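Undergrad: One predicted model, sequence on top.
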Amino acid sequence: MDEIDELIIRYRDGFLRLDPGLLSSIWADEDILYSPAELADPITSKADLGAYYANVAQLFHDVEHMNVFAVRRQRLSDDVVVAYFGFQFRAHFVSGPLQAVAGRASVVFRRDATGWRGVHYHESLTPRS
């Protein structure tokens with residue numbers, strides 16, 4: 001397992017545990033562009049991304065399932081890798097109903113002096129069958 005695999009596992013585990021700190025640890029301190037499917041505009045700062053994760057963690061009280069699968073990578077340079085994967089998330093809202101989503105995500109990871117960190121995220125939800 002390498003550093004990119006570990007970051008993707010942190011992404012999965014962060015949502016599985018609803019842990020904003022673990023999720024935030026994946027990302028670079030600056031030059032972030034994070035575009036989840038439910039937001040009209042991307043998040044562009046680490047502070048705003050941390051607030052987004054904290055809000056997500058407060059929306060749910062029980063995660064039944066979080067899976068990341070079919071991970072593919074493309075190395076763009078020695079210091080830039082794009083990862084693409086599918087995900088499935090199922091959790092109960094604090095207000096009660098079960099929310100199940102499935103989608104695809106692309107993440108650009110950049111390596112600097114501190115190691116690999118995410119700098120760009122885009123997700124799209126897959127239609128329900």
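TA: Ah, there it is.
Undergrad: per-residue confidence for residue 18?
TA: pLDDT recorded at residue 18 is 96.
Undergrad: hang on, it packs against residue 54?
TA: No - using CB atoms under 8 Å, residue 18 is not in contact with residue 54; the gap is 9.7 Å. Yep, even glycine has a C-beta here, placed from its N, CA and C like the rest.
Undergrad: higher neighbour count, the two?
TA: Of the pair residue 18 and residue 54, residue 18 is the one with more neighbours under other CB atoms under 10 Å, namely 20 against 14.
Undergrad: Leaving out sequence neighbours, find the closest residue to that one.
TA: With sequence-adjacent residues excluded and distances taken as CB to CB, 6 or more residues apart in numbering, residue 18 is closest to residue 57, at 4.2 Å.
Undergrad: wait, is the one you found part of a strand?
TA: No - going by DSSP: H, G, I helix; E, B strand; the rest coil, the assignment for residue 57 is helix, not a strand.
Undergrad: On the three-state scheme, residue 21 is what?
TA: Under the three-state scheme (three-state DSSP), residue 21 adopts helix.
Undergrad: CA atoms of stretch 48-64 as CSV?
TA: This file holds the C-alpha atoms of stretch 48-64, laid out as CSV (Å, rounded to 0.1, in the frame of the first residue of the first chain):
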residue,chain,number,x,y,z
ASP,A,48,-14.3,26.1,4.7
LEU,A,49,-13.7,22.5,3.8
GLY,A,50,-13.4,21.7,7.6
ALA,A,51,-16.7,23.5,8.2
TYR,A,52,-18.3,21.5,5.4
TYR,A,53,-17.1,18.2,6.9
ALA,A,54,-18.3,19.2,10.4
ASN,A,55,-21.7,20.0,8.9
VAL,A,56,-21.9,16.6,7.2
ALA,A,57,-21.0,14.9,10.4
GLN,A,58,-23.8,16.7,12.2
LEU,A,59,-26.4,15.7,9.6
PHE,A,60,-26.0,11.9,10.2
HIS,A,61,-26.0,9.8,13.3
ASP,A,62,-25.3,6.4,12.0
VAL,A,63,-23.4,5.3,8.9
GLU,A,64,-24.4,1.8,7.8
